[in-house]
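>>> No letters, just coordinates:
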């Protein structure tokens, strides 16, 4: 607030208020002039209506003076008041006229002392102008009137023919005394007006400044709102506001039609947002919103859902939801949805690449795992084949003996050849070992079938929907696949608890288990030296409330303190170059946390080993994402 602005405005207010005071005073004098004219006529008629010349009487001069002189006296000041109210001369002419009226009243009453008080009253009325110059003019008129009439017609002023010489000074003294009082009053009134004007100016300037600030702030907010709306409505993100209990739409950005291809009538106000979601995701989203509504203000939650476009195309969206402070007043939930369809495709491609990479890494081991029983079966089959050839010779000798016995000729010779064939074939040995060879081949084939079945189960086709799965069996199959990775470095210990069927993407869970098993085997291998005993690889499953927990522990080197906050970051690895891509744990966390609403955390101690814990909700549809925590 500038002092110069306040001073300038205070001067304007003061001038305007003073003008209004003087205009109102002008109006007072108009009515006062008219009233004095009527009073002068009345006094003249009452006191001296006639003048006598012997027995003849005529209208007194006073009556004519009051009746005709009054309008003449009033004409000029009233005209100036009406035509030029702001002219300084108007006030002085009013002062002259008013003091002449006082002189007329004194003259009409023959100089009575009571009418001299009219002079004091006139000065008081003139002080309403708050102009000391007007009082000076009025005083000079009074002094001139008393001085002139005192010399030439003293009876009309003092009421006597020969007044004392100091009588003029006495009257002048009282007039000057009143002038002093009125001047002080005028100055005090002007000072008060100036103070009030300054206060009013201060308030006005402050008000203008506040209004300007409000206007500027409003413009800024409007511009900011326009920028925000332009930014929001031209981005690939979709902001929205929903009722927390019913999921009805309060606001949804118009780009929902262009980004997600949702039919326009789906954007109608008050319509349930769930209606634009895939039917299988509606209940999960509704539960998710209600859970977010019950959470603390400022917390952010997210969930992945699907939206059906007008062309029937399924689009994947990730919705981030936050309950703002002051939510209790409205009960509304604010959120933003992102189109992650391309990301989902990339994740699927990455998952497939990770699976192929894992299979590639395991190919040699799996080939070795299959080669061992294949070789075992091959050896046993070769033995059985050779044994069958020897046994054919024995059978043919016994058939010849049978023919000789029937013909009753050459029996002894046939019996001898049969005995020689049996001895040559070592029939007792064959009868003891051929069944064992057949059993061994069957066992080898069963082992091959187990490996192939495990590979088939591990390579569970990627699903678009969750299905109920036996996690214990899935882990057993994955252990078979990874057997060649850990059999040279660790002894396997398993403790499978009783688990219900869990709704999940089984192929992706298999991949998570495999990643953790390979990491555990590598960690144990890195901690072993020459001649070191085998480490321990422990796999446990158990049910904890409404969740199942899978733990995979190793006796490896443990995770360094500096790496613990980064192990879930994409492309971060503590392995040697070429031994790991840094994607395994990142994908594992994405699968467990984002897709299954579970948790993935670990406990580790340097030099003793690490245990990873996977927790999955049994009924995923009723759950919302948790925040994973790392425990050291």
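Yep, it's here. Quantities reported herein were computed from a predicted structural model and do not represent experimental measurements.
>>> which residues in the stretch 401-550 of the chain form strands?
Read by DSSP state E, counting those that start in this stretch, the stretch 401-550 of the chain holds these strands, from start to end of the chain: 467-469, 490-496, 502-504, 535-544, 547-554.
>>> From the contact counts, what lies against the fourth one?
It stands for strand 535-544. Here strand 535-544 is seen to pack against helix 471-481, strand 490-496, helix 506-527, strand 547-554 when contacts are counted using 3 or more CB pairs under 8 Å, 6 or more residues apart in numbering; DSSP states H and E. For the C-beta atoms, the positions are set from N, CA and C on the backbone; glycine is no exception.
>>> again, but for the first one
Strand 467-469 is packed against strand 502-504, helix 506-527, with contacts defined by 3+ CB pairs under 8 Å, 6+ apart.
>>> can you tell which of the ones you listed is closest to residue 421?
Between residue 421 and the helices and strands packed on strand 467-469, the shortest separation by CB to CB is 54.7 Å, and it involves helix 506-527.
>>> For the closest one, buried residues please.
Across helix 506-527, burial judged by 16 or more other CB atoms under 10 Å covers 506-525, 527.
>>> Repeat that for stretch 543-555.
Applying 16+ other CB under 10 Å to stretch 543-555 flags 547-555 as buried.
>>> Pipe those into CSV and attach distance to residue 348 and pLDDT per row.
Converted to CSV, the buried residues of stretch 543-555 look like this (distance: CB to CB, whole Å; pLDDT from 0 to 100):
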residue, distance to residue 348, pLDDT
547, 26, 91
548, 25, 94
549, 27, 95
550, 23, 95
551, 28, 95
552, 25, 94
553, 30, 93
554, 30, 93
555, 35, 91
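>>> now the residues you listed in TSV, with distance to residue 600?
Compiled in TSV, the buried residues of stretch 543-555 are given as follows (distance: CB to CB, whole Å):
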residue	distance to residue 600
547	12
548	13
549	11
550	10
551	11
552	11
553	14
554	16
555	21
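>>> Residue 251 touches residue 241, doesn't it?
Yes - counting by CB atoms under 8 Å, a contact exists between residue 251 and residue 241, whose distance comes to 4.4 Å.
>>> okay, the two: which has more neighbours?
residue 241 (15 against 12; other CB atoms under 10 Å).
>>> any chance you could map the helices in the stretch 101-250 of the chain?
Applying DSSP state H, counting those that start in this stretch to the stretch 101-250 of the chain gives helices spanning 113-126, 132-152, 155-158, 167-233.
>>> got any ranges where the stretch 101-250 of the chain has weak pLDDT?
Of all residues in the stretch 101-250 of the chain, those with pLDDT under 70 make up the ranges 110-113, 147-169, 233.
>>> Select, out of the helices and strands packed on strand 535-544, the one closest to residue 411.
Judged by CB to CB, the one of the helices and strands packed on strand 535-544 that comes nearest to residue 411 is helix 471-481, at 59.0 Å.
>>> in the closest one, what's buried?
Using 16+ other CB under 10 Å as the test for burial, helix 471-481 gives 471-472, 474-481.
>>> Where is pLDDT lowest across those residues?
Sorting those by pLDDT puts residue 481 at the bottom of the list (78).
>>> Reduced to three states, what does residue 607 come out as?
Secondary structure of residue 607, reduced to three states by DSSP: H, G, I helix; E, B strand; the rest coil: coil.
>>> Can you pull the phi/psi pair for it?
Dihedral angles of residue 607 (phi, psi; degrees, to the nearest 10) stand at phi 90, psi -10.
>>> Equivalent analysis for the one 3 residues further on, please.
The phi and psi values for residue 610, taken as degrees, to the nearest 10, are phi -140, psi 140.
>>> quick one: contacts for the residue lying closest to it once chain neighbours are set aside?
The shortest distance from residue 610 to any non-neighbouring residue, by CB to CB, 6 or more residues apart in numbering, is to residue 604 (4.0 Å). Listed by CB atoms under 8 Å, 6 or more residues apart in numbering, the contact set of residue 604 reads 558-559, 564, 610-611, 632.
>>> Residue 220 too?
Taking CB under 8 Å, 6+ apart, one finds nothing in contact with residue 220.
>>> the domain parsing of this protein - what is it?
3-204, 236-339, 343-459, 466-622 (automatic domain parsing).
>>> quick check: angle from the one helix or strand residue 611 maps to to strand 535-544?
Residue 611 belongs to strand 609-617 when assigned by DSSP states H and E. Between strand 609-617 and strand 535-544, the angle comes out at 20 degrees (axes from the mean of the first three to the mean of the last three CA atoms, to 10 degrees).
>>> Turn the buried residues of helix 471-481 into a markdown table, including distance to residue 448.
Converted to a markdown table, these look like this (distance: CB to CB, whole Å):
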| residue | distance to residue 448 |
| --- | --- |
| 471 | 25 |
| 472 | 23 |
| 474 | 20 |
| 475 | 21 |
| 476 | 17 |
| 477 | 14 |
| 478 | 18 |
| 479 | 17 |
| 480 | 11 |
| 481 | 14 |
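>>> For burial, what's the neighbour tally of residue 199?
Other residues within reach of residue 199, judged by other CB under 10 Å, total 13.
>>> whoops, residue 16 was the one
Every residue meeting other CB under 10 Å relative to residue 16 is counted, giving 11.
>>> Please name the residues that touch it.
Under the criterion of CB under 8 Å, 6+ apart, the contact list for residue 16 is empty.
>>> so where is the stretch 501-632 of the chain shaky, pLDDT-wise?
Counting by pLDDT under 70, the low-confidence segments of the stretch 501-632 of the chain come to 530, 571-583, 620-632.
>>> at 80 what do you get?
Applying pLDDT under 80 to the stretch 501-632 of the chain flags the ranges 529-532, 568-584, 619-632.
>>> circling back: give me the distance between the residue nearest to residue 610 and residue 513.
Applying CB to CB, to the nearest Å, one obtains 19 Å for the distance of residue 604 from residue 513.
>>> sorry, back to before: of the contacts of residue 604, which is the most crowded?
residue 610 (24 neighbours).
>>> what pairs with that residue across the strands?
Taking DSSP bridges, one obtains residue 554, residue 604 as the residues bridged to residue 610.
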